[in-house]
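J.: Got a sequence here, can you model it:
(chains A and B)
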Protein chains: 2
Amino acid sequence: MIQVIPVRNLPILKKGDDLVRMIEDEVRSGDIIAISSKAISKIEGRVVSLESIRPSERALRIAERLKEDPRFVELVLRESDEILLEFPFILTRRGNWICVNSAIDRSNIPEGLAVLPPENPDESARRIRKELEKRGKRVGVLITDTSGRCFRRGHTGVCIGASGLKIIEEGEEDLFGRPLRITKRAIADQIADFATLIMGEGSEGIPVVIFRGLELLSDDGGAEILLRDEEEDVIRRILRHFRTKGFNSFIEEG
Amino acid sequence: MIQVIPVRNLPILKKGDDLVRMIEDEVRSGDIIAISSKAISKIEGRVVSLESIRPSERALRIAERLKEDPRFVELVLRESDEILLEFPFILTRRGNWICVNSAIDRSNIPEGLAVLPPENPDESARRIRKELEKRGKRVGVLITDTSGRCFRRGHTGVCIGASGLKIIEEGEEDLFGRPLRITKRAIADQIADFATLIMGEGSEGIPVVIFRGLELLSDDGGAEILLRDEEEDVIRRILRHFRTKGFNSFIEEG
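T.: Okay, here's the model as predicted:
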């Protein structure tokens, strides 16, 4: 049996807070600890005031079409390497991470502020895991974010940073001994997805969820491996081709 | 605290098996029961012999490019309303359900056979829920399948049929009282995703996972609402546009 334990009654987090101290009593060796991206961003001071942002011409143009705050769009552009779609939403790429609005968040934070994703979420996860290890607790740590999806409605959770747990699993042989055609399970994403269901996205304010009984601790690397690279990312390449052919207006035409 | 309980030691399922009788002792009122699509397909007799399939010209052409069994490709074509990509994999649409290979599965089944998804997974979920209700157990039932994803590696779980639980959640107000820009959580997909992690995809053979302590029973409708419709499905429309413009060869060119 697996237990999934929401860590309740944490305060609203702010820069410099010692999250490990706040949660250590709840944690046991063997646990996998899911922490929301936003909690990490807040304690790492990744909160930006939109007042300080001067939008570029491009940001103004995109913002007008989207009826969006141009300062926010400017921030999205600055945090991305490539824009795959400008409309009806901004689909961005940073390295191999493709997401909406460069994963910048404006919910659960005072008006006029925006929360950037952690600078290096794998490193954030590693740091928290190491601190818990110093206290005698061997755990896995993953950082969750929520994301929309192609083809299906509603947001689900994904893992954007991880340390100390299995991230992805190669296929094993099936019941009849043949190699499975389905080759990989996105283990860390599957844990992150359920974690974000328990966290909620609204006012519940549960930034940490503990998984007990999953036997998935491991020395695997970080969450980067969950991202398709250029070569295997067919949809990314089609979107780029589509954009460079100037078909972006098609979306508006319907 | 939430408990997640794999139901072990079930036999390999076959047509006509009474799954409810096999699991009823494990189930309590309030539980949400995740059942793998393949388990449902097997007990509903949705297993097809490829020997009986004569491939069309189109299936032969697509199969050659993919180095795939043309009889399997023919089956995929028959089960779909539209082909959105032929290469490097077959992306199909049936109604609003977009997936690879029409969700037809050949793992964990003897060579030469293929498992079609349940004819009506919402109805399958409803029937099992009703049978458990007759035994005095009020539960939610969802049917899981696994699926690849755009942009990210590895398969995750999705909900393809559901009865008696919350499927999707509209956004609530955030901590600062504004409506969340993130409007919906795909609750049933999030449960299904974690369920498939526990089920495994290989030889573990755990077709049923019970969730206890999730307060998500509800009279919401089926899983269909998790599928984007034509109008809001930007990526689907781009793929179709891309295909009709004859750009399919671009993928091969690289």
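J.: dump the residue contacts of the residue lying closest to A:S147 once chain neighbours are set aside.
T.: Nearest non-adjacent residue to A:S147, counting by CB to CB, 6 or more residues apart in numbering or on different chains: A:V158, 5.0 Å away. (C-beta placed from N, C-alpha, C; glycine too.) By CB atoms under 8 Å, 6 or more residues apart in numbering or on different chains, the contact set of A:V158 is A:144-147, A:189, A:192-193, A:226, B:152.
J.: before we move on, what about A:S163?
T.: A:122, A:125-126, A:128-129, A:140-142, A:222.
J.: Select from those every entry located in helices.
T.: The members of the contacts of A:S163 that map onto helices under DSSP state H are A:122, A:125-126, A:128-129.
J.: So which of these wins on neighbours?
T.: Highest neighbour count within the ones in helices among the contacts of A:S163, by other CB atoms under 10 Å in any protein chain shown: A:A125, with 29 neighbours.
J.: which ones are touching it?
T.: A:35, A:141-143, A:161-164, A:222-223.
J.: Could you dump these into a markdown table with distance to B:A39 and pLDDT added?
T.: Shown next, in a markdown table, are these (distance: CB to CB, whole Å; pLDDT from 0 to 100):
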| residue | distance to B:A39 | pLDDT |
| --- | --- | --- |
| A:I35 | 34 | 98 |
| A:V141 | 34 | 98 |
| A:L142 | 29 | 98 |
| A:I143 | 33 | 98 |
| A:G161 | 34 | 98 |
| A:A162 | 30 | 98 |
| A:S163 | 35 | 98 |
| A:G164 | 33 | 98 |
| A:G222 | 34 | 95 |
| A:A223 | 31 | 97 |
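J.: now, which of those sits nearest chain B?
T.: Nearest to chain B among the contacts of A:A125: A:A223, at 10.0 Å, using CB to the nearest CB.
J.: ok, now how distant is the closest one from A:P207?
T.: Applying CB to CB, to the nearest Å, the value for A:A223 to A:P207 is 18 Å.
J.: Next: A:E133.
T.: A:E133 is 21 Å from A:P207, where distance means CB to CB.
J.: Looking at these two, which is more packed in?
T.: Each of A:E133 and A:P207 has its neighbours counted (other CB under 10 Å); A:P207 has more, 25 against 13.
J.: Show the pLDDT at that one.
T.: Here the pLDDT value assigned to A:P207 is 95.
J.: wait, it sits on A:G200?
T.: No: taking CB atoms under 8 Å as the definition, A:P207 is not a contact partner of A:G200, at 10.1 Å.
J.: So, low pLDDT: which residues of the stretch 151-254 of chain A?
T.: A:171-183, A:201-204, A:246-254 (pLDDT under 70).
J.: residue ranges for the helices of it, please.
T.: A:187-199, A:234-244, A:249-253 (DSSP state H, counting those that start in this stretch).
J.: mind giving me TSV with these and columns for distance to chain B and mean neighbour count?
T.: Output for the helices of the stretch 151-254 of chain A, formatted as TSV (distance: least, CB to the nearest CB, whole Å; neighbours: other CB atoms under 10 Å in any protein chain shown):
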stretch	distance to chain B	mean neighbour count
helix A:187-199	4	28
helix A:234-244	4	18
helix A:249-253	6	11
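J.: how about CSV for those, with distance to B:S29 added?
T.: CSV is the format used below for the helices of the stretch 151-254 of chain A (distance: least, CB to CB, whole Å):
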stretch, distance to B:S29
helix A:187-199, 21
helix A:234-244, 43
helix A:249-253, 47
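J.: Quick one, which of those gets closest to B:V20.
T.: Among those, the nearest to B:V20 by CB to CB is helix A:187-199 (25.3 Å).
J.: which strands and helices sit next to that closest one?
T.: strand A:2-6, strand A:32-36, strand A:140-147, strand A:156-163, strand A:208-212, strand B:156-163, helix B:187-199 (3 or more CB pairs under 8 Å, 6 or more residues apart in numbering or on different chains; DSSP states H and E).
J.: got a list of what A:I167 touches?
T.: Contacts of A:I167 by CB under 8 Å, 6+ apart are A:159, A:187-188, A:218, A:220-223, A:225-226.
J.: And these, which of them are buried?
T.: A:159, A:187-188, A:220, A:222-223, A:225-226 (16 or more other CB atoms under 10 Å in any protein chain shown).
J.: what's the neighbour count on A:L75?
T.: 23.
J.: Over to A:V141?
T.: A:V141 has 28 nearby residues by other CB under 10 Å.
J.: now A:F151: how far from B:R126?
T.: Remark: distance between A:F151 and B:R126 (CB to CB) = 24 Å.
J.: Which pLDDT value goes with the residue nearest to the spatial centre of chain A?
T.: Centroid check for chain A by CA atoms, centre = their mean gives A:D145 as the closest residue, at 3.2 Å. Predicted confidence (pLDDT) at A:D145: the value is 96.
J.: dump the residue contacts of it.
T.: Shown in contact with A:D145 (CB under 8 Å, 6+ apart): A:36-37, A:99, A:103, A:117, A:157-158, A:160, A:192, A:196.
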